[in-house]
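Undergrad: curious how this folds, go ahead:
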Amino acid sequence: MSAIFNNPEMLRNARIQLRPGRAIAAVVICAAISLTAWYSFKSRPLVGYPFENESTRMFKFILMLQVVVLLIGGGIYELLSVHREKELNTFDYQRVTRLTSFELATGKLFGAPVLMYVIVACLMPIAFLGAILGHAPILLVVEAYLILFVGCVAFHALALLISISSGRGVSAIAILPFLILVGFTSVDLYTDPTNATVHQVNPFAAGAMFQSGMGHGVGWPIGRRRAADQSEEENRRCSGRHIAHHGRASTQE
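TA: Predicted structure coming up:
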């Protein structure tokens, strides 16, 4: 892991992508999105929506937003990474440096979309808040983000391979098949069960798994305590109504 972060190619890409102005703008935009999502979903229970359901929906909304940012945004950065070097006539110079092919590939694989990783990290607090308030199972949340990151890295590797194989001046053409592949593996064709296997390759499967797996696994400690308090309060109310009903029946007799 330290070899990846100490990779000169990755550090070079990180310096390019994480310039102060660009990084600050990304953080501010993520903060605005988080506040807007929190206010929007928090105000819905006031008009009759259950708060826990809205918290779960907020978590899924942020999760899908993270998938779009990392998968599509990061994939486009990967498609343009080697292509940009070819246009500047610097790719051949990189190949004759002391960097091995593995170091050069991993540096571009994780370095080109580093800004997208920062955006995903900035959206983590509001996502975890929605998961906690929505009583989402911990293991399910971990599995969802594992699918997100592993799936995105797989698609990024494919995009990097396309970028290496394509010639000069075809960057826009290379983006189109990548987006078609993402769209094909993201669509649920309920009438065709064979598409389920293809769909699970896509990071969007994290949201589908979260939806189908709700209610299983170990919940967050705060969520468990809140659920227990609500259950105890509901039991007290039922007991009070039961005692009141028997009291009225005894008085009438």
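
Undergrad: for the stretch 1-150 of the chain, just list every one of the helices.
TA: 2-5, 8-17, 20-43, 51-68, 74-87, 91-95, 101-111, 114-122, 124-133, 138-165 (DSSP state H, counting those that start in this stretch).

Undergrad: what comes into contact with the fourth one?
TA: Right, helix 51-68. Outside helix 51-68, the residues within contact range by CB atoms under 8 Å, 6 or more residues apart in numbering are 33-34, 37-38, 41-42, 44-45, 119-120, 123, 126-127, 129-136, 141, 144-145, 148, 152, 203-204, 206-207, 210-211, 214. All C-beta atoms are positioned from the backbone trio N, CA, C, and that covers glycine.

Undergrad: if you average the pLDDT over that helix, what comes out?
TA: Averaging pLDDT along helix 51-68 yields 84.

Undergrad: with the first one instead?
TA: Confidence over helix 2-5 (mean pLDDT, whole number) is 63.

Undergrad: swap in stretch 186-203?
TA: 54.

Undergrad: where does the prediction get shaky in the stretch 101-250 of the chain?
TA: Within the stretch 101-250 of the chain, the segments meeting pLDDT under 70 span 167-172, 187-201, 209-250.

Undergrad: which SS class is residue 203?
TA: What DSSP: H, G, I helix; E, B strand; the rest coil gives for residue 203 is coil.

Undergrad: measure the nearest residue to it once chain neighbours are set aside to residue 98 for me?
TA: Counting by CB to CB, 6 or more residues apart in numbering, residue 203 lies nearest to residue 151, which is 3.5 Å off, once chain neighbours are set aside. From residue 151 across to residue 98, the span is 33 Å (CB to CB, to the nearest Å).

Undergrad: between the two, which one's more packed in?
TA: Using other CB atoms under 10 Å, the more surrounded residue of residue 151 and residue 98 is residue 151, with 21 against 6.

Undergrad: and stretch 22-30, which residues are buried?
TA: Of all the residues in stretch 22-30, those buried under the rule 16 or more other CB atoms under 10 Å are 23, 26, 30.

Undergrad: would you confirm that residue 9 contacts residue 104?
TA: Yes: Residue 9 lies in contact with residue 104 (CB atoms under 8 Å); the separation is 5.6 Å.

Undergrad: list the residues that contact both of the two?
TA: Shared contacts of residue 9 and residue 104, defined by CB under 8 Å, 6+ apart, are found at residue 94.

Undergrad: ok, back up a step: mind giving me CSV with the buried residues of stretch 22-30 and columns for pLDDT?
TA: Converted to CSV, the buried residues of stretch 22-30 look like this (pLDDT from 0 to 100):
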residue, pLDDT
23, 92
26, 94
30, 95
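
Undergrad: of these, which is the nearest to residue 113?
TA: Using CB to CB, residue 26 is the member of the buried residues of stretch 22-30 that sits closest to residue 113, with 12.5 Å.

Undergrad: OK, contacts around the residue nearest to the closest one when sequence neighbours are not counted?
TA: Excluding the flanking residues, the one nearest residue 26 by CB to CB, 6+ apart is residue 119, at 5.4 Å. Listed by CB under 8 Å, 6+ apart, the contact set of residue 119 reads 26, 29, 30, 66, 69, 70, 73.

Undergrad: do the same with residue 79
TA: Contacts of residue 79 (CB under 8 Å, 6+ apart): 159, 160, 162, 163, 171, 174, 175, 178.

Undergrad: what's the distance between the closest residue to the second one other than its chain neighbours and residue 153?
TA: What that stands for is residue 160. Once flanking residues are discounted, residue 160 sits nearest to residue 78: 4.7 Å by CB to CB, 6+ apart. To residue 153, residue 78 is 10 Å away according to CB to CB.

Undergrad: just to revisit the earlier point, I figured the residue nearest to residue 203 hits residue 207, correct?
TA: No: applying CB under 8 Å, one finds residue 151 not in contact with residue 207, separated by 11.5 Å.

Undergrad: related to what we said a few turns ago, mind putting the helices of the stretch 1-150 of the chain in CSV, distance to residue 185 included?
TA: CSV is the format used below for those (distance: least, CB to CB, whole Å):
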stretch, distance to residue 185
helix 2-5, 27
helix 8-17, 26
helix 20-43, 26
helix 51-68, 12
helix 74-87, 12
helix 91-95, 29
helix 101-111, 20
helix 114-122, 19
helix 124-133, 23
helix 138-165, 9
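
Undergrad: appreciated, that's everything.
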